[in-house]
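Colleague: Got a predicted structure here, sequence first:
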Amino acid sequence: MPENPSTVGEAGSRTWRADLDSLVGRYRAGDLPGLKGPHRYDPAEARGFRRAAVLALFTPSAAPPGSGIDLFLVQRSPHLLHHPGQIALPGGGIDPGESILEAAVREGEEETGVPAAGIEIVGRLGTVTVPVSDNIVTPVVGWCDDPGHLPHTDTAEVLEPLRVPVTALLDPANRATITFMGHRSAGFRAPTGWVWGFTGNLLDYVFDQLGWTVPWDRAVTRRLTLDEARGRGLT
């Protein structure tokens with residue numbers, strides 16, 4: 001990993017990409033610990049859950065070029081039944097006859113606007129669960145060398161795609177333990193609010209396993225209001 005997550009320059013981007021390859025390689029070798037806590041996958045407990053995939057899509061930073069890498073997130077519609085108004089990774093249910101990787105790429109294109117042809121799959125990680133919505137989720141790591149100009153994403157599920165610098169997400173000033181209705185999760189401050197819940201915990205796990213996490217104070221808590229949690233006020 002780069003000694004400093006803010007490492008700039010082309011070499012820095014190549015190093016971060018190599019870290020992603022290494023992460024997936026550890027999963028394939030059976031050397032990657034699974035996500036613990038409420039999202040731990042237990043086949044018996046997840047019987048009957050819907051299969052889904054999410055895409056952690058990374059790309060070299062746009063502003064300024066060579067300053068690191070960005071991660072694509074999406075601002076979900078506040079009118080959805082499950083996880084309304086939350087900031088999440090692009091993803092969704094796996095259609096009949098579709099593979100996990102195919103679903104991740106399809107959802108990535110639909111929700112971020114990045115063309116499927118421009119999404120390179122690095123590989124998948126271990127299966128996790130989202131009990132609140134009865135989903136079995138497989139995280140997929142992707143890379144895009146240059147997404148170019150992206151069309152406005154206009155779907156019933158996504159208000160807008162968010163391209164967020166990883167260095168900003170990892171900044172300790174943008175980290176907190178989120179509390180909402182008695183639940184606690186890792187949190188990341190993003191341009192339109194907080195990344196929390198399943199996505200917050202998953203990103204916290206992925207960044208830890210990559211060795212990218214900058215030490216932060218987990219005792220710092222942020223209690224979300226119902227309006228903040230549900231994205232009310234977003235249009």
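Modeller: That came through fine.

Colleague: separation between residue 199 and residue 69?
Modeller: 18 Å (CB to CB, to the nearest Å). Heads up, the C-betas are built off the backbone N, CA and C, glycines and all.

Colleague: Same question for residue 141.
Modeller: Residue 141 is 12 Å from residue 69, by CB to CB.

Colleague: anything in contact with each of those two?
Modeller: Listed as contacting both residue 141 and residue 69 by CB atoms under 8 Å, 6 or more residues apart in numbering are residue 58.

Colleague: Not counting sequence-adjacent ones, nearest residue to the residue most central in space within the chain?
Modeller: Centroid check for the chain by CA atoms, centre = their mean gives residue 89 as the closest residue, at 4.0 Å. Residue nearest to residue 89 in three dimensions, not counting chain neighbours: residue 54, with 4.2 Å by CB to CB, 6 or more residues apart in numbering.

Colleague: Which strand or helix spans that neighbour?
Modeller: strand 50-60 (DSSP states H and E).

Colleague: The helix or strand that that strand is followed by vs strand 50-60, what angle?
Modeller: Moving toward the C-terminus from strand 50-60, the next helix or strand (DSSP H and E) is strand 69-76. Strand 69-76 and strand 50-60 are oriented at 140 degrees to each other (axes from the mean of the first three to the mean of the last three CA atoms, to 10 degrees).

Colleague: More neighbours: residue 199 and residue 69, which one.
Modeller: residue 199 (26 against 21; other CB atoms under 10 Å).

Colleague: Show the model's pLDDT score for that one.
Modeller: Note on residue 199: pLDDT of 96.

Colleague: ok, now which ones touch the nearest residue to it once chain neighbours are set aside?
Modeller: Using CB to CB, 6+ apart and skipping residues adjacent in sequence, the residue nearest residue 199 is residue 88, 4.7 Å away. Applying CB under 8 Å, 6+ apart to residue 88 gives the contacts 54, 73, 74, 76, 195, 198, 199.

Colleague: can you give me the helices for this structure?
Modeller: Using DSSP state H, the helices assigned to the chain run over residues 10-28, 100-112, 166-170, 197-210, 226-230.

Colleague: I'd like those as TSV, with distance to residue 125 appended.
Modeller: TSV is the format used below for those (distance: least, CB to CB, whole Å):
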stretch	distance to residue 125
helix 10-28	5
helix 100-112	11
helix 166-170	17
helix 197-210	7
helix 226-230	26
